[in-house]
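1. kindly generate the corresponding structure for this input.
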Amino acid sequence: MTRLEALLDRQDIQDALTRFSRGMDRFDRELFLSAFHPDATIAAGDFVGGPADLFDWSRTMHEAGQVATQHNLLNLTVDIDGDTAHTELYYLFAARNRDESNWLAGGRYLDRLTRRAGEWRIMLRTTVIEWSGMVPTMPIPFADVPGIHVNGAPSRSTQDPSYRRPLRNLREPNIPG
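-> Okay, here's the model as predicted:
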């Protein structure tokens, strides 16, 4: 494998891992499932099963407990051997809970990915949770600014402004003095 091929494989793998995270935070089932092979197995908390069941279980849990979540992806190690790759991906989970408290947790996703028909997807995931804690609640910055959501309000759906194409600014110029 050339260095360029290895770099392209690594990027495709990272893209698959990112689709999981964004798909969960935006409740975008199609995007979430595109990170996994349909016959994948995931062990996360007390859940062990396939990707479609994981999405349904996770969405129900997150909708009941949180108004917003962010699955932040951090350090990534990739070991590629032919059409199989093993990754270790550090994560930081942040959530705004329905009771207005804030929850942080950190750990690692340990994945085995396989390439089928030229596409890398997760085949096996095990989640290692290493710490968790609550953060004091503070007001969300700028929430009271008139027109703050003219460009779009955050949404746990494909209505989130991050899906808009082309992205445009609809707010009037304003330089606070």
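2. next one: residue 107 from residue 127, what distance?
-> 6 Å (C-beta to C-beta, to the nearest Å). No exception for glycine: its C-beta is placed from N, CA and C like everyone else's.
3. for the residue nearest the centre of the chain, phi and psi?
-> The C-alpha lying nearest the average C-alpha coordinate of the chain belongs to residue 21 (C-alpha atoms, centre = their mean; 1.3 Å). In terms of degrees, to the nearest 10, the main-chain angles of residue 21 are phi -60, psi -50.
4. buried sites along whatever helix or strand residue 63 lives in?
-> Using DSSP states H and E, residue 63 falls within helix 51-65. By neighbour count on 16 or more other C-beta atoms under 10 Å, the buried set for helix 51-65 is 51, 54, 55, 57, 58, 62.
5. any stretches of this protein with poor pLDDT?
-> By pLDDT under 70, the chain contains no weakly predicted segment.
6. need the helices for it, in chain order.
-> 3-25, 29-33, 51-65 (DSSP state H).
7. quick one: list the elements packing against the shortest one.
-> In terms of contact count using 3 or more C-beta pairs under 8 Å, 6 or more residues apart in numbering; DSSP states H and E, helix 29-33 is assigned the packing partners helix 3-25, helix 51-65.
8. can you put the ones you listed in CSV and add distance to residue 145?
-> Listed next are the helices and strands packed on helix 29-33 as CSV, based on distance: least, C-beta to C-beta, whole Å:
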stretch, distance to residue 145
helix 3-25, 24
helix 51-65, 27
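9. could you find the closest non-adjacent residue to residue 94?
-> Counting by C-beta to C-beta, 6 or more residues apart in numbering, residue 94 lies nearest to residue 70, which is 4.7 Å off, once chain neighbours are set aside.
10. quick revisit: out of the buried residues of helix 51-65, which is nearest to residue 117?
-> Proximity to residue 117 was ranked across the buried residues of helix 51-65 by C-beta to C-beta; first place goes to residue 51, at 17.3 Å.
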